[in-house]
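**Student:** any chance you could fold what I've pasted below:
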Amino acid sequence: MKKLVHLVLLLSLLGILPSIVVVHEKVEAQTTATPTCQSLGLQDKDNDGYGGNAQAQNDYALQATQQPECTLSGRIIKTGDCLDLDATKERTNPVKDKDGNTVRSRDIHPGTTDLPGNQVDEDCDGADAGFAKNTNVTPQGLFDNVKNFLTWVVGGVSGIVLIIGGIMYATAVGEEEKQKKARKAMLGAVIGLIVALAANVIITIVTQNIAS
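**Tutor:** Now for the predicted structure:
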């Protein structure tokens with residue numbers, strides 16, 4: 001009798017286990033499934049395949065915490081749209097580029113081509129193409145860039161003149177006048193190099209003392 005009871009219990013367990021596994025898999029699938037756009041509070045009003053809460057361009061506040069994808073009306077859309085206007089709002093408050101041309105909301109979303117210099121951030125990366133993000137241009141930085149550029153220009157020109165003067169001197173054997181011109185050219189190039197390097201050092205020292 002006990003063996004029969006044990007056999008019944010064993011068969012019951014064997015019958016229950018598959019059900020438990022199926023239920024567990026369903027629960028796990030539900031928890032790991034792509035979230036719905038409604039659960040994230042997102043829509044895709046301009047039907048560009050990207051959902052967002054933004055009602056004005058470059059409104060990123062609600063995008064940072066969103067999931068990469070969600071399901072809307074049975075289709076998968078990506079989140080992070082920095083402009084998502086319906087037809088009514090687009091008519092009443094359209095996006096204009098710097099020349100006054102209208103840019104459609106459906107043409108503004110991550111992954112699209114960002115036209116440079118039109119003051120519209122089409123690809124939602126935080127800046128218009130051609131303009132650096134988070135730039136901190138200071139007078140000192142601009143001055144340093146100009147100083148370094150001029151130093152390289154003077155140094156480069158002096159180096160070229162020095163090479164040309166050396167070639168002229170080497171090929172002017174027995175021609176005193178040409179050798180004299182070559183020596184002057186090389187001397188001028190060397191002086192130019194010294195002045196460029198000395199000026200760079202002096203300006204750096206002076207500006208550091210002024211800043212401190």
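
**Student:** ok but Lys78 is inside a helix, no?
**Tutor:** No - the assignment for Lys78 (DSSP: H, G, I helix; E, B strand; the rest coil) gives strand, which keeps it out of a helix.

**Student:** pretty sure it sits against Pro110.
**Tutor:** Yes - Lys78 is within contact range of Pro110, at 7.0 Å (criterion: Cβ atoms under 8 Å). The C-beta positions use only the backbone N, C-alpha and C, and glycine is treated the same way.

**Student:** pretty sure Gln43 is touching Asp81, no?
**Tutor:** No - counting by Cβ under 8 Å, Gln43 stays clear of Asp81, with 9.4 Å between them.

**Student:** which neighbours do those two share?
**Tutor:** Gly51 (Cβ atoms under 8 Å, 6 or more residues apart in numbering).

**Student:** these two: which is more packed in?
**Tutor:** Per other Cβ atoms under 10 Å, whichever of Gln43 and Asp81 has more neighbours is Asp81, with 29 against 17.

**Student:** can I assume that one sits in a helix?
**Tutor:** No - assessed with three-state DSSP, Asp81 is coil; it does not lie in a helix.

**Student:** re earlier: which residues are in contact with both of Lys78 and Pro110?
**Tutor:** With Cβ under 8 Å, 6+ apart as the test, Lys78 and Pro110 both reach Tyr50.

**Student:** give me the distance between Val120 and Val146.
**Tutor:** Between Val120 and Val146 the distance is 31 Å, computed by Cβ to Cβ, to the nearest Å.

**Student:** higher neighbour count, those two?
**Tutor:** Val120 (21 against 10).

**Student:** ok, the more buried one touching Ala127?
**Tutor:** No - the criterion here is Cβ under 8 Å, and Val120 misses it with Ala127 at 10.7 Å.

**Student:** right, and the helix or strand after the helix or strand of the chain with the lowest mean pLDDT?
**Tutor:** In the chain, no helix or strand scores lower on mean pLDDT, DSSP states H and E than helix 2-32, which sits at a mean of 43. Once helix 2-32 ends, the next helix or strand along the chain (criterion: DSSP states H and E) is helix 37-40.

**Student:** tell me which residues in that following helix are buried?
**Tutor:** Using 16 or more other Cβ atoms under 10 Å as the test for burial, helix 37-40 gives 37, 40.

**Student:** what helices and strands are in contact with that helix?
**Tutor:** Packing contacts for helix 37-40, counted by 3 or more Cβ pairs under 8 Å, 6 or more residues apart in numbering; DSSP states H and E, involve strand 69-72, strand 75-79.

**Student:** now tabulate these in a markdown table and tack on mean neighbour count.
**Tutor:** Shown next, in a markdown table, are the helices and strands packed on helix 37-40 (neighbours: other Cβ atoms under 10 Å):
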| stretch | mean neighbour count |
| --- | --- |
| strand 69-72 | 17 |
| strand 75-79 | 17 |
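
**Student:** now these as JSON lines including distance to Val201 and mean pLDDT?
**Tutor:** What follows is the helices and strands packed on helix 37-40, written out as JSON lines (distance: least, Cβ to Cβ, whole Å; pLDDT from 0 to 100):
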{"stretch": "strand 69-72", "distance to Val201": "57", "mean pLDDT": "86"}
{"stretch": "strand 75-79", "distance to Val201": "54", "mean pLDDT": "87"}
